[in-house]
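Trainee: Pasting the sequence and the predicted coordinates here, then a few questions.
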Amino acid sequence: MAASVGTTPGGTTPAGMTPAGTTPESEKDTEFQEHEKILCPDFLSVAQITEMLAEDVDGVQQKLEKFLNFRSLQTCLKEASLLDYYVSGFLWARGMDFSIIQYSKFMTLLDMLLHNLRTLHMSLEDSIKWLREVMAEIGPSHSQKNEEWNIFDVKQANAIVDYLKISLFQHYKLYEFLFFSAREEIVIGTELFLLTFFKKFHVTP
């Protein structure tokens, strides 16, 4: 009977066998390095997160406005809505009492979800599927060998999913409109309505 094989970059390696020149320890290091690439690069640096943690709500908004280089908040619906999205997310995370690394991964998760929508035109269904896959990597795992890599525990992971349901997924079509509608299609009345809508339905402490 032919030996089963597992696909690896550049070829195949018999399942359950260690390639020549490698050790279980080096394999574990390689797996860890691959795991570290999840949700990278970081959306915010440790220094930026630390600065924001020392601020009140207005201070957090001002810091993010600076970090994101938003200059047209009073006239640009997209900038105002995106700032609200990130500020609301950060304030929610503060209510969860996250560690610095948890803040970093959560904020990067928020950014990657919008990146997938904006650049990959990812549908709502695909975004939910992508989120499940990412949370399986950074959230609680049934695998003992990955236990040390868990960034969020079960309660935190569930809370993150629930937050994203009401802050992004529930209003996904509005974000699609925000990114893909021509500027001339967004009349002043629509801008005012959408801005009020985003402010009303985002979750804040």
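Mentor: It's in. Just so we're clear, the structure is a prediction, and the values are computed from it rather than from any experiment. Numbers count the residues shown, from 1 in each chain.
Trainee: Please name the nearest non-neighbouring residue to Ala93.
Mentor: Of all residues not flanking Ala93 in the chain, Phe106 sits nearest, at 5.2 Å (CB to CB, 6 or more residues apart in numbering). For every residue, glycine as well, the C-beta is placed using N, CA and C.
Trainee: My error: substitute Thr50 in the last question.
Mentor: Thr50 sits nearest to Ile100 (CB to CB, 6+ apart), 7.1 Å away.
Trainee: now the helix or strand hosting Gly89: mean pLDDT?
Mentor: Taking DSSP states H and E as the definition, one finds Gly89 inside helix 77-95. For helix 77-95, the mean pLDDT works out to 94.
Trainee: hang on, isn't Met122 packed against Asn116?
Mentor: Yes: between Met122 and Asn116 there is a contact under CB atoms under 8 Å: 4.1 Å.
Trainee: more crowded one of these two?
Mentor: For Met122 versus Asn116, neighbours defined as other CB atoms under 10 Å are more numerous around Met122 (19 against 16).
Trainee: quick one: that one from Ile151, how far?
Mentor: Going from Met122 to Ile151 by CB to CB, to the nearest Å gives 23 Å.
Trainee: Buried residues, stretch 56-74. List them.
Mentor: Within stretch 56-74, the residues scored as buried using 16 or more other CB atoms under 10 Å are Val60, Gln61, Lys63, Leu64, Glu65, Phe70.
Trainee: Quote the end-to-end distance of it.
Mentor: End-to-end distance for stretch 56-74: 21 Å, by CA to CA, to the nearest Å.
Trainee: what does that stretch contact?
Mentor: 44, 48, 51-52, 55, 76, 79-80, 82-83, 86-87, 90-91, 204 (CB atoms under 8 Å, 6 or more residues apart in numbering).
Trainee: and Ile100, how many neighbours?
Mentor: Counted by other CB under 10 Å, the residues lying close to Ile100 total 11.
Trainee: State the pLDDT value of it.
Mentor: Looking at Ile100, its pLDDT is 95.
Trainee: Run through the chain and note the low-pLDDT ranges.
Mentor: 1-39, 141-149, 182-205 (pLDDT under 70).
Trainee: got the residue ranges for the helices in it?
Mentor: Per DSSP state H, the chain carries helices over the ranges 24-36, 46-53, 57-67, 77-95, 100-120, 124-138, 154-167, 172-180, 188-201.
Trainee: Most tightly packed of those helices?
Mentor: Highest mean neighbour count among the helices of the chain (mean count of other CB atoms under 10 Å): helix 77-95, with a mean of 20.
Trainee: Help me confirm that Ala157 comes into contact with Ala136.
Mentor: No: with contacts counted by CB under 8 Å, Ala157 stays clear of Ala136, the gap being 9.4 Å.
Trainee: about what we covered before: give me the common contacts of Met122 and Asn116.
Mentor: The contact sets of Met122 and Asn116 overlap at Trp130 (CB under 8 Å, 6+ apart).
Trainee: For Tyr103, which non-adjacent residue is closest in space?
Mentor: Nearest to Tyr103 is Ile49, by CB to CB, 6+ apart, at 4.9 Å.
Trainee: ok, now which ones touch that neighbour?
Mentor: Ile100, Tyr103, Ser104, Met107.
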